[in-house]
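Participant: Sequence first, predicted coordinates after that:
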Amino acid sequence: MRSALDSLRRLRDGNARFAANVRGLESFLTQERRAELAKQQEPHAIILGCSDSRVPAEIVFDQGLGDLFVIRVAGNIVAPSQVGSVEYAAERFGTRLVVVLGHSQCGAILATLDQLQRPAELQSPNLRSIVDRVRPSVAAFLDTPLKDDVDALVSHAVRANIRASVDHLRHGSSLLEQLIERDGLLVVGAEYSLETGRVDFFEGVPDGR
């Protein structure tokens, strides 16, 4: 079983390759590897990311088939089905690293801020359910000077939403709490920059790591 810190290093190395426009040999699929994966999987990291088409986790981390257990939803929000998916992978495969991966200029964040500032009377209840999960982590920023600086507002809101999702995973599941306390499960938050291609792990990473 790969440790959380080893998986974190692997993701960082892979993202450095991606940002430099190179690929590692491990990401290339062979017939033998595909045959192995037909029998079992051992993903070394769980990624709860945004559905944005510009942020496919396997590509931005330069990982191959079978390396990542990826859950994608607009705004990288945490609802019961996402918690259950993380629980499944952590318990079934022994995966010890969970990454909540948000990104710059997230559409779900922009939509939430827009709804808070200019409420729309008619909105799909399904879309509203996403906005309602993002809202608590970003609403307070509209009562600060950030409301007058759109870029700074969005940047702070993106990170606050990531932190909220990380906190929900750490404390919203008794199973994950046990795995964190007893088995070395690590839940961290990261932001992908659409502009540079780099991922910044900024939340929950052990000091010096």
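Facilitator: The structure has been received and is ready for your questions.
Participant: Where do the helices of the protein begin and end?
Facilitator: 4-19, 31-39, 57-60, 80-93, 107-117, 125-138, 150-171, 174-183 (DSSP state H).
Participant: Could you double-check that Glu58 sits in contact with Phe69?
Facilitator: No: Glu58 is beyond contact range of Phe69, at 10.8 Å (criterion: C-beta atoms under 8 Å). In this view, the C-beta of every residue, glycine as well, is placed from N, C-alpha and C.
Participant: Return the per-residue confidence for the residue in the chain sticking out farthest from the centre.
Facilitator: Most distant from the centre of the chain: Glu121, at 30.6 Å, with distances by C-alpha atoms, centre = their mean. What the model reports for Glu121 is a pLDDT of 73.
Participant: Contacts only, for it.
Facilitator: With C-beta atoms under 8 Å, 6 or more residues apart in numbering as the criterion, no residue contacts Glu121.
Participant: measure it to Gln115 for me?
Facilitator: Separation of Glu121 from Gln115 (C-beta to C-beta, to the nearest Å) stands at 11 Å.
Participant: For Glu58 and Phe69, work out which one has more neighbours and name it.
Facilitator: Taking neighbours as other C-beta atoms under 10 Å, Glu58 and Phe69 compare with Phe69 leading, 23 against 16.
Participant: Which strand residues bridge that one?
Facilitator: On the basis of DSSP bridges, Phe69 is bridged to Ile46.
Participant: Which residues does the closest residue to Phe201 other than its chain neighbours form beta bridges with?
Facilitator: Once flanking residues are discounted, Phe201 sits nearest to Ala190: 4.5 Å by C-beta to C-beta, 6 or more residues apart in numbering. Beta-bridge partners of Ala190, counted by DSSP bridges, are Leu101, Phe201.
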